[in-house]
Structure formats: C-alpha cells, structure tokens
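Engineer: any chance you can model this:
(chains A, B, C, D, E and F)
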There are 4 protein chains.
Amino acid sequence: MRTKDGEKQRALFEATIRVVNELGFASSSVSKIAKSAGISPSTLYIYHKNKEDLLVSTYVEVKREMGAAMAGCFDESLPVRDILRKVWFVLLQCACARPDHYRYAEQFSNSPYLELVDQEELERHFRPLLEVVQRGIERKIIKDVGRPLLKAFLFHPIPFLANAWLREGRPMTEAEMETSFTMAWDAIRL
Amino acid sequence: MRTKDGEKQRALFEATIRVVNELGFASSSVSKIAKSAGISPSTLYIYHKNKEDLLVSTYVEVKREMGAAMAGCFDESLPVRDILRKVWFVLLQCACARPDHYRYAEQFSNSPYLELVDQEELERHFRPLLEVVQRGIERKIIKDVGRPLLKAFLFHPIPFLANAWLREGRPMTEAEMETSFTMAWDAIRL
Amino acid sequence: MRTKDGEKQRALFEATIRVVNELGFASSSVSKIAKSAGISPSTLYIYHKNKEDLLVSTYVEVKREMGAAMAGCFDESLPVRDILRKVWFVLLQCACARPDHYRYAEQFSNSPYLELVDQEELERHFRPLLEVVQRGIERKIIKDVGRPLLKAFLFHPIPFLANAWLREGRPMTEAEMETSFTMAWDAIRL
Amino acid sequence: MRTKDGEKQRALFEATIRVVNELGFASSSVSKIAKSAGISPSTLYIYHKNKEDLLVSTYVEVKREMGAAMAGCFDESLPVRDILRKVWFVLLQCACARPDHYRYAEQFSNSPYLELVDQEELERHFRPLLEVVQRGIERKIIKDVGRPLLKAFLFHPIPFLANAWLREGRPMTEAEMETSFTMAWDAIRL
DNA sequence: AATGAATGAGATTTCATTCAT
DNA sequence: TATGAATGAAATCTCATTCAT
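Structural biologist: Numbering: from 1, shown residues only, chains lettered A, B, ... in the order given. Below is the predicted model:
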C-alpha cells in the first residue's frame, strides 16, 4: 500500500496559487492546476474532494501561514505600537517575498468563494494580534472605532501595497516600510 | 457589433454585475449573463465583441460612474481637507447605495483582467482628485509619500468598508462616515 | 433564426433505443447516442435537459406508440374476448416488428429509472383497454383478482414472447400467436 | 484472483445486488460496490477478474440459490399439478423474502450481460422442474406448446408479481398465492 | 436588430484497473 | 491477503461563439 505523498500535496498547493495568479479564477481549470503540479487530474481528487475544496483549502493554508509568520515575531513584552510595527514589517516582508500567496488570498477574498470559509476559524490564527489591538484600545492608545474600521486601515492596505511594489518591479525599501506603517498607525492611534 | 438599443445595453451592464457578484468570475458565463439581462446570448454579441469586451467595458463603465459621482460634488473653492472629505462621503454613499458595482470593481481589479484596461484612461476620471491631492502635498498639508501609499489609505479602504457594512446588514451612520474619513485623513495628513 | 429539427428529434429517439439495446444501460453514453444519431453531443442538450431526460422521454414515447398501436385496432362493438384477442395480436406484431422498442421498454422498466416516470400518465394511454377488462370482470367473464395479477398474465408475457422468438431468429406464426393468446385468456377468464 | 475469505465473498455478493438495485447498472461502479461491501476496490480484484465477472457470477449465484430453493421442496411422488404448485409457492415466497435478488436477476436478464452466461448451465439447476413439465405434457395434462410459451406463463410472472406486491408494501396472502398459481395453471393446463 | 439552433473545445469528475507496500 | 495511491480513458455537461433566418 502506498502512502499519501506530502510532496504532491505541497506541489498542488503551489500550483493552485501559480495558476490562479496567472489566469485568474475564470480560466483556472483543475486540469491546468494538476498539470502544473505534475500530477494527473484524477490524482488531484485523492487529495481534494472537488475543485471548490482545492481552492478553499489553498486559501485557508495561505492564511494559516500568514498567521504563523505573524505569531513567530510576536513579543508581548513590547509596547503596543512596537508590536504592531513588528507585525506590519513581517507581514509586508512576507507579502513581498511571496506576493503570489497574497495575491491569491486577495483574489479569493474578493470572490464569492469566501462565503465557503469559516471566518471564525480563520480569525483564530490572528487572535493574539486582535488582543493587542484590544489592549491598545483599553489603554486609550488606539481609537475605539470597531473592528472593521481598524482592519481597513491596519491590515487591508498590506497586500495592496505589496502588489503595488510588485508591479513596480522593485522591493520596498526599509524607509518605505517605515513610512507606510506610520500612516497606518496615524490612522488608528488616538 | 452594431450598437442600438440603450435599454438593452443597460440591462446587460446590470446583469453582468449581478451575475458576477453572485457567481464569481469562475462561474459567470455569457449565457447566464444574457439570460439575466433578458436577451439572447447571440444578441449580446451585437453589443460586445466577446466575453472579455463585456467584462472589461462593464468595469470601465463602473469606474466612469464613480468618477462622475465624484466630479459632481467637486468644489475647488474649498480647502483641501474639505474637498477630500466631501469626496469621501460621496464615494462611501455610492459604495453603500450600489455595493454590487463596487464589489464588481473589486473582483475585477483583483483579477488578471485588469491588465486589459488602459490605466491611464481610467485615471483621467479621477484627475481633478489627484490634482487636489497634489496641491495638498505642495502646501505641506499631505505627506509626500508617492501615489500608491496615498491610494492605499485614501481610496482603497472605501469598498472594503462598504462591504463590511453591507455584511452587517445596516447602513453606515453619518458619525461612522465621519470617523472613517478622520482615520483616512490622519493617515495621509502631515 | 433556425427552427428545431423534427428529424433530429426522431434520429435521437431511434439512436437511444439502438445504442441501449446494443450496449445496455451500463455502457450507453450520451456521446455514443449522439454519434449514432449523427449529431454533436452538445446538440443533444438542446433537445434534452440531461441524460436522464433523454432516457425517460424515450421510454415514454415508446409507451405512447404502443398505446397508439393498440388504440388503432380498438373495436368497442366486439365481445370482450375478441377485443382482447385483437389487441394481443397487434401488440405481439408490434413487439415482433420493432423488437428493439420493446426490449428498450423492458430494460427501462426493470431499472431504477422507472421511478422517474409518472405511472398515472402512462396508464392513460391504455385506459380503454383497462375499461374493457373491467367490463369483463363485471360480466363475470374475467376473474376478479385485481389489476397486478391480470397484468402479469395478460400483458407481461408479450415482450417476453417477442424476445424469445427474436432470439430464435424467425417470426411468430399465426398459429403460435393464437396459442399464446389462448393461454393468456385461459389464465384470466372465469 | 486468489480466493480466500468466504465472508468477504458473501459481502460482495450482497453488496453487488444492493447497489445495482439501488442505482441500476448504469450507475453502479466497482468502487461503490466495494465500499458497500466494506472492502477496498483493489481487494475486489482478488475475488473477481473484473467488473463483468463480478456481475455475471452474482447473477449465476442468484440463479443457483433459486434452483436450490426449488430443489429443496421437490417431492417427485406427488401429482404434476401439486409439484408445480409447491414450486410456485416456494419461488413466490423466495421472491418476496429476497426481492432484491429477484430484481437483480430481472435487471440482469434484460440486459446484454445475459449473453455472457452459459444458458445450458443455468438450466441445469431447473432440470427436475423441466422434467416434471415434460411428464405433464406426455400425460396430456399440460399443453404441448414449446418451452418459451410455458416459461412465459409459468415462471416469468413470478418476479413481476413479487415486485408488484413489494411496491404495495405488504406481503402476498396465502389466498393471493393460490389465486396466482391457479391462473398460471389455467394458462398451461390442457 | 434579434434570436434559437448548432457545435468543437474544454470543463469537472468518475471509472475500471494496476501499482507498490 | 489486503489496500490506499495512482492514472489514462472516458463520462456528463457547459462554454463561447457562429449560423441561418
């Protein structure tokens, strides 16, 4: 009896992102993704129930990895602003290092597929971050304006910026990162 | 493609947005859009060269209408902040009034279709706005950080916020609009 | 605008019966049927919603034609036995003339597809026949044993017999038909 | 194909009947049957050369069991009519007790698969019965009309009747069995 | 201008079967 | 013996587009 191949699983994950970024959801077919992963389309169905499952679990995995990257740089002992600054830098660096992952997440979360994902579960990956923000609110450092508004200025700009620099074809400089965080912080701080 | 019936043209425009929002680009077909517009798929080809042309020109039209809405509220005699505040309110109101148009634009601009659109031409609709921003920079009122960063905090949040409130099922209050603009302004002002 | 082609409709009907008889339900595919009808598989979907609809409506049409053949030979003025005898002969002749139609009906009605058909509607085609049987019961000519038992001996044997002779490769003689009807009649008469 | 586990063999036999009855030949796949039997599709190939072999040997086994049930009630010392009556009752009871086995046999024998079965060998199971019928013919008790006609009225109705009662959801009463046999007997007796 | 009919290409998915353990 | 992994072939059905009226 053969055993499920972790390498194939990963190849599928990367291929999905690659193909969707290149062709968009409209033209991404299961066969193209399978071919890009170097496996047979039928083999894909051993790893995923159907196309939807492939796309959704790819999204969830991207989000999980983003959450992990963030968690890895978390230092609760720092002041609120410094924690957020560090996270901002890490996320921006990730977005620039793996812009395709971020672009995939953007495409996905702007499509009706998003409704198939359990939002609660996704947020769990970012729980510590949300708690820091909450602490900032309680200490009157951050505006008490509800989560959507804070999201809109603190997280939402990140992939957009990564994308913009990607299109310019050069990496973001340290100074540009600093500037961008300052803008986000100015938006949310009291 | 021999243009004629304005009513059908409009029906197609709305149907495209409706269907793409409901099904996503992945599952939106020419036939479904035609059916939703109450015309035959063959008739659609009188108005549009092909599917791509349909999707692209729908996007351009959405952007044009957004530009027009903005232009309609433009009062050059006001101070920079007040101009931007007015525009922000109008765009947010539009986004809340026709969230589907905005959602369509979001989906479209996160897809590879975007590359088919002449960005220069699109920006023309927003020229006056960009000039006001430029004036703010020159007068040391707005941070001089390049267009992408300003876009990221001044325009990009708008459809995201409209979407967030749409999901909550209630309209944005005047106070919430004021708060959100304040955040955007805090982000970009010097 | 082209108009739906009655010839194609008929070709599909015959092709369905032909292919299913040759290969059985297990190996009959939409493509094979379309090819056998001389049309493209996609064209088939203009005439039938899906495979199921194709198979079901083919069955219904076969039954309708059987009903029509029977109705055409119906002479209410004759005694009960003579009416049934005439019907028996006509149905046997039909079954022998178009054995594929009958074989199709047999295969179909022994498959779970049968449950998709409105039995009430089917029986309508045979209403006059059922009424004659009823009359026979009332006049104490035919056993009053319920419809299933009468069906089992009066109609059910017909395609079986047609099939048997088909396999022998020769037509049924007049005498054999007479004998077979006598047996059916002996079974149901009082 | 290296036979071994009798329990699995039986589970496969029952699963084949179950699945085919539920889904029909058209939709019954090896994997579905294997899953329904609680084994892996690969294991199935230890017991059967291929799908065809699975279906055919299931049919043969059903027939063998029917023959055995009949043989078990056979009392050569009785008069011809009484032997046939006993057999009729037993077969009807079997058909009602295991309607799925009979339904499977019906589906199978109305499909082109039937041609893969050695008819001679099948008939061997029913040899004693056929000899009794022959004796009846010689003693001028039964019509001398050839085997197909006798089959059509003496055996063919049985699964049809079992099916009809199955659909009504209640078992056949003793009286109904008596009536049905009387009809069969009336059909074939001189 | 408008549209139902028509279709080749291609979509997603399942199948029967073999492989490797 | 037993089985999960693997796959080429083929299934059903939809698509974007053109044809013919």
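Engineer: can you tell me how far residue A:149 sits from DNA strand F?
Structural biologist: Separation of residue A:149 from DNA strand F (C-beta to the nearest atom of the strand, to the nearest Å): 37 Å. (C-beta placed from N, C-alpha, C; glycine too.)
Engineer: helix, strand, or coil at that residue?
Structural biologist: Three states are possible here, and by DSSP: H, G, I helix; E, B strand; the rest coil the one that applies to residue A:149 is helix.
Engineer: list the contacts for it?
Structural biologist: Under the criterion of C-beta atoms under 8 Å, 6 or more residues apart in numbering or on different chains, the contact partners of residue A:149 comprise A:143, B:161, B:176, B:179-180, B:183.
Engineer: pick out the most distant pair among those residues.
Structural biologist: The most widely separated members of these are A:143 and B:161, with 14.4 Å between them, by C-beta to C-beta.
Engineer: follow-up on the earlier one: specify which member of the contacts of residue A:149 is nearest to DNA strand E.
Structural biologist: Proximity of these to DNA strand E was ranked by C-beta to the nearest atom of the strand; the top entry is residue B:161 with 32.7 Å.
Engineer: okay if I get the contacts of residue A:149 as TSV plus pLDDT and distance to DNA strand E?
Structural biologist: Written out in TSV, the entries for the contacts of residue A:149 read as follows (pLDDT from 0 to 100; distance: C-beta to the nearest atom of the strand, whole Å):
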residue	pLDDT	distance to DNA strand E
A:143	97	44
B:161	93	33
B:176	95	40
B:179	97	43
B:180	97	38
B:183	98	40
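Engineer: between those residues, which is closest to residue C:172?
Structural biologist: Of all the contacts of residue A:149, residue C:172 sits closest to residue B:161, with 81.9 Å by C-beta to C-beta.
Engineer: quick one: secondary structure of that closest one?
Structural biologist: State at residue B:161, reduced to three classes by three-state DSSP: helix.
Engineer: quick check: which element contains the nearest residue to it once chain neighbours are set aside?
Structural biologist: With C-beta to C-beta, 6 or more residues apart in numbering or on different chains as the criterion, residue B:161 has its nearest non-adjacent residue at 5.4 Å, and that residue is residue A:152. Under the assignment given by DSSP states H and E, the secondary-structure element containing residue A:152 is helix A:147-154.
Engineer: before we move on, the earlier item: and residue A:143 and residue B:161? which has more neighbours close in?
Structural biologist: Counted by other C-beta atoms under 10 Å in any protein chain shown, residue A:143 and residue B:161 do not tie: residue B:161 has more neighbours, with 24 against 19.
Engineer: ok so, going back, could I get the buried residue list for the helix holding residue A:152?
Structural biologist: Applying a neighbour-count criterion of 16 or more other C-beta atoms under 10 Å in any protein chain shown, one finds A:148-154 buried in helix A:147-154.
Engineer: list the buried ones in the lowest-mean-pLDDT helix or strand in chain A?
Structural biologist: Ranked by mean pLDDT, DSSP states H and E, the weakest helix or strand in chain A is helix A:157-168, scoring a mean of 89. Going by neighbour count (16+ other C-beta under 10 Å), the buried part of helix A:157-168 is A:157-166.
Engineer: the host helix or strand of residue A:107 near chain B at all?
Structural biologist: If you go by DSSP H and E, residue A:107 is part of helix A:99-109. Yes - Helix A:99-109 comes into contact with chain B (C-beta under 8 Å from any C-beta of the partner chain), by way of A:103, A:106-107.
Engineer: just checking, which helix or strand succeeds that helix along the chain?
Structural biologist: Scanning the chain past helix A:99-109 towards its C-terminal end, the next helix or strand to appear is helix A:119-124 (assignment: DSSP H and E).
Engineer: ok, whichever residue of chain A sits closest to chain D - contacts?
Structural biologist: Scanning chain A for proximity to chain D using C-beta to the nearest C-beta identifies residue A:1 as nearest, at 8.8 Å. Shown here is residue A:1, which makes no contacts under the criterion C-beta under 8 Å, 6+ apart.
Engineer: circling back to that earlier point, which other helices and strands contact the helix holding residue A:107?
Structural biologist: The contact analysis (3 or more C-beta pairs under 8 Å, 6 or more residues apart in numbering or on different chains; DSSP states H and E) places helix A:99-109 against helix A:6-27, helix A:51-72, helix A:80-97, helix A:157-168.
Engineer: again, only this time at 6 Å
Structural biologist: helix A:6-27, helix A:51-72, helix A:157-168 (3 or more C-beta pairs under 6 Å, 6 or more residues apart in numbering or on different chains; DSSP states H and E).
Engineer: what does that helix rub up against?
Structural biologist: By C-beta atoms under 6 Å, 6 or more residues apart in numbering or on different chains, the list of residues contacting helix A:99-109 from outside reads A:17, A:20-21, A:59, A:62, A:95, A:159, A:162, A:166, B:110.
Engineer: what parts of chain A come near chain B?
Structural biologist: Near chain B, the residues belonging to chain A are A:24-26, A:106-107, A:110-112, A:145, A:148-149, A:152-153, A:156-157, A:160-161, A:164, A:179-180, A:183, A:186-187 when assessed by C-beta under 6 Å from any C-beta of the partner chain.
Engineer: what about 7 Å?
Structural biologist: By the criterion of C-beta under 7 Å from any C-beta of the partner chain, the positions of chain A lying close to chain B are A:23-26, A:106-107, A:110-113, A:145, A:148-149, A:152-153, A:156-157, A:160-161, A:164, A:179-180, A:183-184, A:186-188.
Engineer: list the buried ones in stretch A:111-124?
Structural biologist: Judged by neighbour count using 16+ other C-beta under 10 Å, the buried positions of stretch A:111-124 are A:111-113, A:117, A:122.
Engineer: for those residues, work out which two are farthest apart.
Structural biologist: A:112 and A:122 (16.4 Å).
Engineer: with pLDDT as added columns, please give the buried residues of helix A:147-154 in TSV.
Structural biologist: Shown next, in TSV, are the buried residues of helix A:147-154 (pLDDT from 0 to 100):
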residue	pLDDT
A:148	94
A:149	97
A:150	97
A:151	95
A:152	96
A:153	97
A:154	96
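Engineer: which of the residues you listed sits closest to residue C:6?
Structural biologist: residue A:148 (60.4 Å).
Engineer: can you give the domain ranges for chain A?
Structural biologist: Per the record, chain A has its domains at A:1-48, A:60-188, by automatic domain parsing.
Engineer: same for the least confident helix or strand of chain A, what does it pack against?
Structural biologist: Contact partners of helix A:157-168 among helices and strands, from 3 or more C-beta pairs under 7 Å, 6 or more residues apart in numbering or on different chains; DSSP states H and E: helix A:80-97, helix A:99-109, helix B:147-154.
Engineer: burial count for whatever residue of chain A ends up closest to DNA strand E?
Structural biologist: Proximity to DNA strand E, evaluated over chain A using C-beta to the nearest atom of the strand, is greatest for residue A:29 at 2.9 Å. The burial metric for residue A:29, expressed as a neighbour count using other C-beta under 10 Å, is 13.
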